[in-house]
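[1] This is a predicted model, with the sequence first.
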Amino acid sequence: MDAEVFRAWIVSSARTIEASRDHLTQLDAAIGDADHGINLARGFAAVLGAQEFGKASSPGAVLTVTGSTLISKVGGASGPLYGVAFRRAGKALGDDADPGLHALSAALDAALAGVQQLGAAREGDKTMVDALAPATRAFSKAVAEGASRDGALAALAEAAEAGAAATISMQALKGRASYLGPRSVGHEDPGAASTALILAALRDAARAAS
Ligand code: ADP
Ligand code: MG
């Protein structure tokens, strides 16, 4: 997948986040401060508007400018967390013009490691990690088993979606939602929901390119 596919992924993420802005904000209203959709929509719009975004000539450069822009434009916990995820993934891809499935798997692992290093959340804490961790696992398993690109990305998106849905029954132990204690149970985590949307956009961008 070349820089154009990665750029298409980010453009598609921006669209789906914008279309789901109110839904994500409502999820955050239930267990946070009702800004997640607004934060992310503003951040992704800023990415699309960044001069370097259009010019980035490698997949790694596309992800790095995405992460840097999210860090500088998104307030709240999710900006730095998504920022570090995209930046670490970009760094892992380096200047490879057309990374394959193993490189992409390593980049996803690096993104997850970055999020956990910065936010110290473990699986089960009801955060974006509960979508990202099972998704990266499902992807590397599919790749190890010889799945096609589309098959592995479908497994990635499906696991993220299932992981986000599983946060409904969890009690939040990290982030703003943890202030609610047991009252955080019964609501989907907004960051896990947005992670599932972003990874579904990756699946769709790759499919559209093939
Ligand atoms: P804020 O909580 O500052 O208002 P957002 O509403 O934009 O920021 O994002 C909230 C999301 O950030 C949560 O739903 C959760 O998925 C994620 N999050 C918060 N804290 C952490 C953390 N320590 N590790 C991983 N993800 C986190
Ligand atoms: Mg919030």
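    Thanks, I have the structure now. Ligands and ions are numbered 1, 2, ... in the order given.

[2] Which residue would be the closest one in the protein to ligand 1?
    Using Cβ to the nearest ligand atom, the single residue of the chain nearest to ligand 1 is Gly191, 2.0 Å away. In short, each C-beta sits where N, CA and C put it, glycine included.

[3] need the residues of this structure near ligand 1, please.
    28, 32-33, 35-36, 39, 76-78, 81, 115, 119-121, 127-129, 174-176, 189-192 (Cβ under 6 Å from any ligand atom).

[4] at 8 Å instead, please
    For the chain, the residues in contact with ligand 1 (Cβ under 8 Å from any ligand atom) are 27-28, 31-33, 35-36, 39-40, 74-79, 81, 115-116, 118-121, 125-130, 174-177, 189-195.

[5] Quick one, which of those are buried?
    For those, a neighbour count by 16 or more other Cβ atoms under 10 Å gives the buried set as 27-28, 31-32, 35-36, 39-40, 74, 76-79, 81, 115-116, 119, 121, 125-130, 174-177, 189-195.

[6] Can you flag which of these belong to helices?
    27-28, 31, 36, 39-40, 78-79, 81, 115-116, 119, 129-130, 190-195 (DSSP state H).

[7] can you give me how far whichever helix or strand Ala165 is part of is from the chain middle?
    In this structure, Ala165 sits in helix 149-166 according to DSSP states H and E. Here the centre of helix 149-166 is set off from its chain's centre by 12 Å, with Cα atoms, centre = their mean, to the nearest Å.

[8] Any stretches of the chain with poor pLDDT?
    Nowhere does the chain drop to pLDDT under 70.

[9] Next to ligand 2, which bits of it? Give me the list.
    Proximity of the chain to ligand 2 (Cβ under 5 Å from the ion) is limited to residues 28, 32-33, 35-36.
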